[in-house]
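>>> This is a predicted model, with the sequence first.
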Amino acid sequence: MLDKAIKFAVEAHHDTERRGKGFPYIVHPLEAVSIVATMTTDQELLAAAALHDTVEDTDVTVDQLEKEFGRHIAELVEAETDKFLDTGDESATWRERKAAGIKHIAAAPLEVKIVAMGDKLSNMRAIARDYDEIGDSLWNRFHAPGGKADHEWRYRSLVESFSELAGTAAYAEFAALVDKVFS
């Protein structure tokens, strides 16, 4: 299952690069798989980690994932995908959309939190590396109108939302990186 998901993700993300990085996008989903593997050996959760950005960032649909990988994996990917969060307002601000995502993660089942932790810790590792290298100019890469302050609010809120994962190495690393970058 995991091999099939990785191959599918590689094809879906073909010819795309990680924003501001210059390397193939697939590196991020593969890092997410590696992180999830520190918390579980469940092949469906590992596959969902590999596929987590296919619906959000490519032309792949949830229906395609269900056909290829089954309903459970499709539901895990859908639950971790920001584009399906309903804020109740199509003109919602960045902060309102992120608040909906934070609330969604806080209420999500443990398996969704595990997949989401793979994604968010991978993102936080990249942010921490880049912040060490270029400092506050890093925040110019993102769309948050409040820059670093908005990101600090978001990531500190995510630490709270992931508290069910306290006791895992991934959670400890995530919380430590958030403190390091935003201290």
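All right, it came through fine. Residues are numbered from 1 along each chain as shown.

>>> C-alpha only now, for contacts and for neighbours.
OK.

>>> mind checking the longest helix of the chain?
When the chain is parsed with DSSP state H, its longest helix is helix 110-134.

>>> so how far is that one from its chain's centroid?
Helix 110-134 sits 7 Å away from the centroid of its parent chain (Cα atoms, centre = their mean, to the nearest Å).

>>> for the helix or strand that it is followed by, packing partners?
As assigned by DSSP states H and E, the chain's next helix or strand after helix 110-134 is helix 148-161. If you count contacts as 3 or more Cα pairs under 8 Å, 6 or more residues apart in numbering; DSSP states H and E, helix 148-161 packs onto helix 94-107, helix 169-182.

>>> Report the angle between helix 148-161 and helix 94-107.
Orientation of helix 148-161 against helix 94-107 (axes from the mean of the first three to the mean of the last three Cα atoms, to 10 degrees) gives an angle of 10 degrees.

>>> Need the contact partners of helix 148-161.
Outside of helix 148-161, the residues within contact range by Cα atoms under 8 Å, 6 or more residues apart in numbering are 95, 98-99, 102-103, 105-107, 136, 139, 144, 171, 174-175, 178, 182.

>>> Give me the buried positions along it.
Lys148, Asp150, His151, Glu152, Arg154, Tyr155, Ser157, Leu158, Val159, Ser161 (16 or more other Cα atoms under 10 Å).

>>> Quick check: mean pLDDT of it?
Averaged across helix 148-161, pLDDT comes to 96.

>>> Restricting the selection to alpha carbons, write it to PDB.
C-alpha atoms of helix 148-161 as PDB (Å, rounded to 0.1, in the frame of the first residue of the first chain):
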ATOM      1  CA  LYS A 148       5.700  36.300  11.800                       C
ATOM      2  CA  ALA A 149       3.100  37.200  14.400                       C
ATOM      3  CA  ASP A 150       0.400  35.400  12.400                       C
ATOM      4  CA  HIS A 151       2.600  32.300  12.000                       C
ATOM      5  CA  GLU A 152       3.500  32.300  15.700                       C
ATOM      6  CA  TRP A 153      -0.200  32.400  16.600                       C
ATOM      7  CA  ARG A 154      -0.900  29.500  14.100                       C
ATOM      8  CA  TYR A 155       1.900  27.200  15.100                       C
ATOM      9  CA  ARG A 156       1.500  27.800  18.900                       C
ATOM     10  CA  SER A 157      -2.200  27.000  18.400                       C
ATOM     11  CA  LEU A 158      -1.300  23.800  16.500                       C
ATOM     12  CA  VAL A 159       0.900  22.700  19.400                       C
ATOM     13  CA  GLU A 160      -2.200  22.900  21.600                       C
ATOM     14  CA  SER A 161      -4.300  21.100  19.000                       C
END
